[in-house]
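Engineer: Can you look at this prediction? I've put the sequence above it.
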Amino acid sequence: MTILNILTYPDPFLRQPVHPVTVFDDALQTIIEDMAETMYDAPGVGLAAIQAGIDMRLIVFDPAADVEKKEYSVLINPEIVSARGQMISENEGCLSVPDYRADVKRYEFTTTKGLDRFGNPLTIEAEGLLSIILQHEIDHLNGILFIDHLSALKRQLYKNRRKKALKNEETA
């Protein structure tokens, strides 16, 4: 298994919607396993293929983030088909948006449809943390970052801080 490189803001690839998965072969299974290893290594509770520079509508997630058990789930071509209720995802973060956390308004309950790793239909009724993870990762597949849910001021402050950090990295 390979630990994949996670793209970070402002990489333009993170802003493009990705294409549906149509082939369920050994290569796809390898990508899924590499993504799971990458998620646990980061560490995180979810990872979308686009974050690893892969143009596929594919996410892996594990709300428990249990590195020992590694009981992650896979959702391919996911789509939220219904959502209700409101909640604040407190201190939400993202592997592609380094060194920043914020409160984000999310749906409390979601119903998501997609396919499992072998192409079988799957429906997930989620609430709380699982619902937040699914919304966050599916946003990635549509070129949306969690900072896009923040006020323009908070988003601009993060962008300015990130540009400064990247500039400092270049000169170091």
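Structural biologist: Perfect, I can see it now.

Engineer: Where does P17 sit, in terms of helix or strand?
Structural biologist: P17 belongs to no helix or strand when elements are defined using DSSP states H and E.

Engineer: now I59
Structural biologist: Counting by DSSP H and E, I59 is found in strand 58-61.

Engineer: And P78, by the same measure?
Structural biologist: Going by DSSP H and E, P78 is in strand 73-94.

Engineer: tell me how far the longest helix along the chain is from the chain's mean position?
Structural biologist: Using DSSP state H, we find that the single longest helix of the chain is helix 152-171. Offset of helix 152-171 from its chain centre (C-alpha atoms, centre = their mean, to the nearest Å): 21 Å.

Engineer: which other residues reach that helix?
Structural biologist: Helix 152-171 has contacts (C-beta atoms under 8 Å, 6 or more residues apart in numbering) with 9-10, 97-100, 102, 147-148, 150. For glycine as for every other residue, the C-beta is placed from the backbone atoms N, C-alpha and C.

Engineer: Buried subset of these, written for ChimeraX?
Structural biologist: Here is the ChimeraX command that selects the buried residues among those (16 or more other C-beta atoms under 10 Å):
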select :9,97,100,102,147,150
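
Engineer: Give me the subset of the contacts of helix 152-171 lying in strands.
Structural biologist: 97-100, 102 (DSSP state E).

Engineer: Which positions in the strand holding I59 come out as buried?
Structural biologist: 58-61.

Engineer: Could I get the average pLDDT for it?
Structural biologist: For strand 58-61, mean pLDDT is 98.

Engineer: One more: stretch 68-76?
Structural biologist: Mean predicted confidence for stretch 68-76 is 96.

Engineer: Right, I'll call it a day here.
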